[in-house]
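Student: Could you work out the structure for the sequence below:
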Amino acid sequence: MYIVGLTGGIGSGKSETAKIFDALSVPLIDLDNIAHEITQKNSPGYVGITKYFGTKYLDKNNEIIRAKLRYDIFRNPEIKKKIESILHPLIFKECKKKISRYKSDEYIVIVIPLLFETKVYLELIDESLLIDCDEEKQIKRVSKRDKIDNVLINSIIKSQLSRDYKNKLSNKIINNDSTLLSLKNKVNQYHIYLTNKINRK
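Tutor: Reported below is the predicted structural model:
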């Protein structure tokens, strides 16, 4: 089984790319989905967060207020560091568990937003695929999608590795500065390339 690590900055188009792979029947593991699962009420991540922060990030139903948590993560380095220390080991463990279910598949894609920032996932993958776009498009897309201000978006972008640095580290790059149709065509081409590469082994 060949493992592709799909990454890219916020608003680059990782989610749309993942949908295209899904339409091609390629198995997907999305770390953001895992993070959401483990922070549901009484799940391990939820327990870790409430054990440390108490009710600070809980609503009246004792559910995590995700928008508030996200805001503080990108405004306060100490909170970011603590949340990551709680969640990242749990996400990694769950990711490895999910990988074991796909051993008979030709290849799978793991959506890893912080592939090069965390580094730990580099040992799991065979190839990295970066979805790249210019910063102005990132800001516009995130502002439209998440309805958050540009100050917070810029904080998130600055918390990630630079575009140039990620370009240098990536095995393959798909530029997503154009249309959704263009992205679909590029992902389909990559799928054909990768399938042929795997079958030649």
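Student: residue boundaries of the strands in this structure?
Tutor: With strands called from DSSP state E, the chain shows them at 2-7, 28-30, 107-111, 127-132, 172-175.
Student: could you dump these to TSV with distance to residue 43 and mean pLDDT?
Tutor: Where you see a C-beta, it was placed from the backbone N, CA and C, and this is true even at glycine. Converted to TSV, these look like this (distance: least, CB to CB, whole Å; pLDDT from 0 to 100):
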stretch	distance to residue 43	mean pLDDT
strand 2-7	24	97
strand 28-30	16	97
strand 107-111	20	98
strand 127-132	29	97
strand 172-175	33	97
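Student: Tell me which of these lies nearest to residue 74.
Tutor: When these are compared by CB to CB, strand 2-7 sits nearest residue 74, at 18.1 Å.
Student: Report pLDDT for the residue sitting nearest the centre point of the chain.
Tutor: For the chain, residue 113 is the residue whose C-alpha lies nearest the centre (CA atoms, centre = their mean; 2.8 Å). Residue 113 carries a pLDDT score of 92 in this model.
Student: Next: the one 3 residues further on.
Tutor: Reported pLDDT at residue 116 in the predicted model: 94.
Student: what's the distance between it and residue 50?
Tutor: Distance, residue 116 to residue 50, using CB to CB, to the nearest Å: 30 Å.
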